[in-house]
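Engineer: Just need the structure, nothing else, for what follows:
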Amino acid sequence: MFDNLTEQLGGVFDRLTGRGSLSEKDVKSALREVRIALLEADVALPVVKDFIAKVEVEAVGDKVLRSVTPGQQMIKVVHDALVDMLGGNEEAAPSINLAATPPVAILMAGLQGSGKTTTAAKIALRLRTKFNKKVLLASLDTRRPAAMEQLAQLAIQAEVESLPIIGGQLPVQIASRAMTHARQGGFDVVILDTAGRTSIDDELMTEVAAIANVSKPTETLLVADALTGQDAVETAQRFHERLTLTGLVLTRIDGDGRGGAALSMRSVTGLPIKFLGVSEKIDGLNEFDAGRIAGRILGRGDIVSLVEQAGEMIDKKQADKLAAKMKKGTFDFDDLAKQLKQMQKMGGLQAIIGMLPGMGKMKQKMDGAGMDDSVFTRQLAIISSMTPLERAKPGLIKASRKKRIAAGSGTEVQQVNQLLKMHKQMSSMMKKMGKGGKKGMFGGMGAGMPGQMPAGDIDPAQLEQMKQKLGAGGLPGLPGGGLPGLPGKK
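Structural biologist: Residues are numbered from 1 along each chain as shown. Model prediction:
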């Protein structure tokens, strides 16, 4: 969603960092470009004006102009202003308020089609897996066909219970029954999925207010579609005028919108953004973090989120076995296949590249070269066409075997050669890093990729967080920080 904005801001800062010194005129010229970039990204005009005013006060002072690295200092000023625009560090508190006598009610509100029902199930899954809460999902949508059945199916996917469906009840009656059922069943949390409308009207707001009166929710979350741009901001304002909201959830943040709603929402409404919906999958929900989003917008990546995703999705026993093989330098094609599948689980090549610092230009080159997640599928097909012995001992694969593998996988011998070369490079890299321990791992971040991440683009705070999260075990699923899905240099 932020790709265009990142590209435009990257161009501005590339020009600044290429200079040994900056004048006040240089800074003001750059800020004009930043202003245009934000407006083109559909950020609300009052938000842009306030943002530019704050940055200008800092940027034209001695802190930037007299700095040894004024370009980098300018980026830091903009980064800090972005973080402030998105809510600063106040979101450090738990994203969901569960500080009440169980069962705690969470009320979901929003317009029809915003992803409210799916988001309710995603939050239920998160509460069950991360906080070990017993969650009840209840659909109060009596108007949309099969809305209740949809939530019941999503509850099965999230492995939580859903309120039994009884026809003919009104939404307020269902809410009351849900709270009673939760108290009797020993549930910790009840998530109430209200009905939506195509637009805000008195009937909708009266109904939601009555449900809130019955359930006494600790959280009333508005779910808004980020792709609707400033309409989402207006929707949030109008809901908040009629209903006491406690937070926002922005869905379809992985879409191709301009990102203005996400950047404007916090400043315009004064409400914290709690979560971001990043895919249609049941686990496609991220906690909102102002610092990480600002880092991604400025092309500094979000490697802490990448590490968290890897930690959640990778089996620790498998990671330990791989670490032992790395030290011995016995990384085979079965291991590589597991790595490729793990990367697919983490969102694929584009998602991972987007979280790595300094990789914005690499992403553009990949798009231009037509490189996408099909590279994983092709490489897995090649590996699947090998015999168990060939996967275990790649050195056996000579000319005749290459032809057979290529024919069996529907690829060319040249592509088989590329995979063999990549495997050899990764094996060599892992053996060296296995000997080097943690120092070798961090020193090798980016190895295995065409080019390496510029160290200056890595946020020191992110790097420290990453080290703490990784501990001694390294980054599971991404050995040495490398990306096995990318071919090495030709």
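
Engineer: Double-check residue 212 against residue 220; I have them as touching.
Structural biologist: Yes. Residue 212 lies in contact with residue 220 (CB atoms under 8 Å); the separation is 6.4 Å. From N, CA and C alone the C-beta is placed, and that goes for glycine too.

Engineer: Neighbour count: these two, which is higher?
Structural biologist: The neighbour comparison of residue 212 against residue 220 (other CB atoms under 10 Å) goes to residue 220, with 23 against 19.

Engineer: hang on, isn't the more buried one packed against residue 109?
Structural biologist: Yes. Counting by CB under 8 Å, residue 109 is a contact partner of residue 220 at 6.4 Å.

Engineer: okay, and the common contacts of these two?
Structural biologist: Jointly contacting residue 220 and residue 109 under the rule CB atoms under 8 Å, 6 or more residues apart in numbering are 243, 245.

Engineer: Need the residues touching each of residue 212 and residue 220.
Structural biologist: With CB under 8 Å, 6+ apart as the test, residue 212 and residue 220 both reach 107, 243, 244.

Engineer: With respect to pLDDT, which of those ranks lowest?
Structural biologist: Among the shared contacts of residue 212 and residue 220, residue 243 has the lowest pLDDT, at 83.

Engineer: What backbone torsions are found at that residue?
Structural biologist: Dihedral pair for residue 243: phi -140, psi 140, per degrees, to the nearest 10.

Engineer: you'd agree it is up against residue 110?
Structural biologist: No. If you go by CB under 8 Å, residue 243 and residue 110 don't touch, sitting 10.9 Å apart.

Engineer: Those two: which is more packed in?
Structural biologist: More neighbours surround residue 110 than the other of residue 243 and residue 110, with 28 against 17 (other CB under 10 Å).

Engineer: What's the local residue count around residue 286?
Structural biologist: 21.

Engineer: Give me the distance between the two termini of stretch 177-194.
Structural biologist: 14 Å (CA to CA, to the nearest Å).

Engineer: got a list of contacts for it?
Structural biologist: 98, 102-109, 116-117, 120, 123-124, 127, 133-141, 147, 151, 161, 163, 166, 169, 171, 175, 207-208, 211, 214-215, 217.

Engineer: Go through these and flag which are in strands.
Structural biologist: Residues of the contacts of stretch 177-194 located in strands (DSSP state E): 104, 105, 106, 107, 108, 109, 135, 136, 137, 138, 139, 161.

Engineer: Lowest-scoring secondary structure element of the chain by mean pLDDT?
Structural biologist: Least confident helix or strand, the chain: helix 460-470 with a mean of 48, by mean pLDDT, DSSP states H and E.

Engineer: pLDDT weak spots in the stretch 1-150 of the chain?
Structural biologist: 1, 3, 18-21, 61-69, 71, 89-94 (pLDDT under 70).

Engineer: Can you show me the helices along it?
Structural biologist: 3-17, 24-40, 45-59, 62-65, 70-85, 116-131, 147-158 (DSSP state H, counting those that start in this stretch).

Engineer: quick one, which of those helices is packed in tightest?
Structural biologist: helix 116-131 (a mean of 22; mean count of other CB atoms under 10 Å).

Engineer: what's it packed up against?
Structural biologist: Counting contacts by 3 or more CB pairs under 8 Å, 6 or more residues apart in numbering; DSSP states H and E, helix 116-131 is packed against strand 104-109, strand 135-139, helix 147-158, strand 189-193, strand 247-251, strand 273-277, strand 285-287.

Engineer: Now do that helix against strand 104-109, angle only.
Structural biologist: 150 degrees (axes from the mean of the first three to the mean of the last three CA atoms, to 10 degrees).

Engineer: send the alpha carbons of helix 116-131 over as PDB?
Structural biologist: Output of helix 116-131 as PDB, limited to C-alpha atoms (Å, rounded to 0.1, in the frame of the first residue of the first chain):
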ATOM      1  CA  LYS A 116     -15.800  -6.900  10.000                       C
ATOM      2  CA  THR A 117     -16.800 -10.600  10.300                       C
ATOM      3  CA  THR A 118     -13.400 -11.900   9.200                       C
ATOM      4  CA  THR A 119     -11.600  -9.500  11.500                       C
ATOM      5  CA  ALA A 120     -13.700 -10.700  14.500                       C
ATOM      6  CA  ALA A 121     -12.500 -14.300  13.800                       C
ATOM      7  CA  LYS A 122      -8.900 -13.100  13.400                       C
ATOM      8  CA  ILE A 123      -9.000 -11.300  16.800                       C
ATOM      9  CA  ALA A 124     -10.500 -14.500  18.300                       C
ATOM     10  CA  LEU A 125      -7.600 -16.600  16.900                       C
ATOM     11  CA  ARG A 126      -5.100 -14.100  18.200                       C
ATOM     12  CA  LEU A 127      -6.600 -14.000  21.700                       C
ATOM     13  CA  ARG A 128      -6.700 -17.800  21.800                       C
ATOM     14  CA  THR A 129      -3.200 -18.400  20.600                       C
ATOM     15  CA  LYS A 130      -1.300 -15.500  22.100                       C
ATOM     16  CA  PHE A 131      -3.100 -15.000  25.400                       C
END
